[in-house]
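K.L.:
Let's see this in three dimensions:
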Amino acid sequence: MPKKKENPERFDLERFEQLYPTEEACVKALERHLWNGIPRSPVDGNTNVIRIKGRPGYYRDLDNRRMFTIKQGTVFEGSKIKLKVWFRAIYEFCVSANGISSYELARCCGVTQKTAWFMKQRMALNVKQCREMLMDGEVEADECYVGGTDYYRKDNAKWHSTQGNRDDKATVFGLLCRDGLLYAEVVKDSRTDTLFNIIKDRIAEGCRFYTDEAPQYDLISDNFVHETVNHSGKVWKSGAACTNGIENFWKHLQSTIQGTYMSVSYFHLQKYVDEKAWRFNTRKMGGFSRFGFFLSLLASGRTATYAETIRPDRERYVSGKWEGGRMRGRMKDLLYA
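P.N.:
Sure thing, here's the model as predicted:
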């Protein structure tokens, strides 16, 4: 009986441990993705660089007479965590279909929840959406509302109104190019002026533009072939016009927020949208290819400090007292939101 051919995209934990068993193996893998195997100086890009013996990931720039690490210019910059722990966190980040919470990441990597939260924030920064994409062909557009529900509220606290008129929900606008990429952005409202500023920079003129019957799309469709579907009339597809593709993404986004993260703050919502959009755009990749793609994005030089990832006006519990006015919520929301 012939031996069954192994799937090259199989990337379970056993294969991960075989590929990256030590710190040196992680450093060599990162060298291949960042510098194509040849170390380069972060100052001017010269290759007159030597490796420091006995210290994996440390280098000496002979031209500029300075020492640097392989973490410099990446999301790992300034971190004292070993690359092997970072690689395990990236593995969990890439193979999880609906994201991974900071508590689960802390258990997998053997770090504290606060450290895992900060690591996850940096990894989300690495998959931030490109703001300069231009879509052509057939494009679907729709908006989604993320926030509280009236189901658990008392009658005097319910809104009894449509989603677009409610102040307790955040608005997320999305564009999906069929057989292409998706772009989603948190916006202040769903008015025509707000959506037009996004559409004019993301969609090429003359493309086919599919939306529902919402009136805000009528005034921005002069430069496109605009077709609509009447959702209020129980019509989900009319010829080629439908928004089922972008609605599919909204379903996955809401399932991730409700099932994995339970609740998110408005300050961090765009990061969760970026993370889910990256998973959606790489859905046809296997686990191994997605992991390699994530490492290739490290060359973009994105990094952030802890102060930049937290909400500046958050309430904190310090030395037995609350800083500022006390705020209702869970301890996780107060410290790390």
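K.L.:
per-residue confidence at the residue minimising distance to the centre of the chain?
P.N.:
A centroid search over the chain (C-alpha atoms, centre = their mean) returns E275, at 1.7 Å, as the residue closest to the centre. According to the predicted model, the pLDDT of E275 comes to 93.
K.L.:
What of K80?
P.N.:
Reading off the model, K80 has pLDDT 90.
K.L.:
Can you tell me the SS state at it?
P.N.:
On the three-state scheme (DSSP: H, G, I helix; E, B strand; the rest coil), K80 is labelled coil.
K.L.:
got the residue ranges for the helices in this structure?
P.N.:
13-19, 23-35, 83-95, 102-109, 113-126, 192-202, 244-256, 269-281, 287-296, 306-309, 331-336 (DSSP state H).
K.L.:
Reformat these into a markdown table and put distance to M133 next to each item.
P.N.:
In short, each C-beta sits where N, CA and C put it, glycine included. Conversion of the helices of the chain to a markdown table gives the following (distance: least, C-beta to C-beta, whole Å):
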| stretch | distance to M133 |
| --- | --- |
| helix 13-19 | 31 |
| helix 23-35 | 23 |
| helix 83-95 | 22 |
| helix 102-109 | 29 |
| helix 113-126 | 17 |
| helix 192-202 | 6 |
| helix 244-256 | 15 |
| helix 269-281 | 10 |
| helix 287-296 | 17 |
| helix 306-309 | 24 |
| helix 331-336 | 31 |
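K.L.:
tell me, which of these is the model least confident about?
P.N.:
Comparing mean pLDDT across these, the weakest is helix 331-336, with a mean of 37.
K.L.:
hang on, the earlier thing: could you list every residue that touches the residue nearest to the centre of the chain?
P.N.:
Residues in contact with E275 (C-beta atoms under 8 Å, 6 or more residues apart in numbering) are 99, 124, 127.
K.L.:
among the helices of the chain, which is nearest Y210?
P.N.:
When those are ranked by proximity to Y210, the top entry is helix 244-256, at 8.9 Å, counting by C-beta to C-beta.
K.L.:
What is the closest one packed up against?
P.N.:
strand 138-147, strand 169-177, strand 182-187, helix 269-281 (3 or more C-beta pairs under 8 Å, 6 or more residues apart in numbering; DSSP states H and E).
K.L.:
Okay, the closest residue to L175 other than its chain neighbours and G174: tell me how far apart.
P.N.:
With sequence-adjacent residues excluded and distances taken as C-beta to C-beta, 6 or more residues apart in numbering, L175 is closest to Y183, at 4.8 Å. Between Y183 and G174 the distance is 7 Å, computed by C-beta to C-beta, to the nearest Å.
K.L.:
Please apply the same query to R279.
P.N.:
R279 is 14 Å from G174, where distance means C-beta to C-beta.
K.L.:
Same question for Y217.
P.N.:
Spatial separation of Y217 from G174 under the definition C-beta to C-beta is 13 Å.
K.L.:
ok, for A299, nearest residue in space, not its chain neighbours?
P.N.:
Leaving aside its sequence neighbours, A299 sits nearest to L34 (C-beta to C-beta, 6+ apart; 5.4 Å).
K.L.:
May I ask you to confirm that the one you found is in contact with G301?
P.N.:
No: in this structure, L34 is not within contact of G301 by C-beta atoms under 8 Å, at 10.2 Å.
K.L.:
Need the overlap of contacts for these two.
P.N.:
Both L34 and G301 are contacted by T74, under the criterion C-beta under 8 Å, 6+ apart.
K.L.:
The two - which one has more neighbours?
P.N.:
Residue environment comparison for L34 versus G301 gives the larger neighbour count to L34, 18 against 11, counting by other C-beta atoms under 10 Å.
K.L.:
list the contacts for the nearest residue to I257 once chain neighbours are set aside?
P.N.:
Taking C-beta to C-beta, 6+ apart as the measure, I257 lies nearest to V264, with 5.9 Å between them; neighbours along the chain are not counted. Remark: with contacts taken as C-beta under 8 Å, 6+ apart, V264 is in contact with 146, 257, 272.
K.L.:
Report the separation between the residue nearest to A299 and G286.
P.N.:
According to C-beta to C-beta, L34 and G286 sit 22 Å apart.
K.L.:
I203: neighbour count?
P.N.:
With other C-beta under 10 Å as criterion, I203 counts 23.
K.L.:
doesn't Q129 make contact with the residue nearest to L175?
P.N.:
Yes: with contacts counted by C-beta under 8 Å, Y183 reaches Q129, the gap being 6.2 Å.
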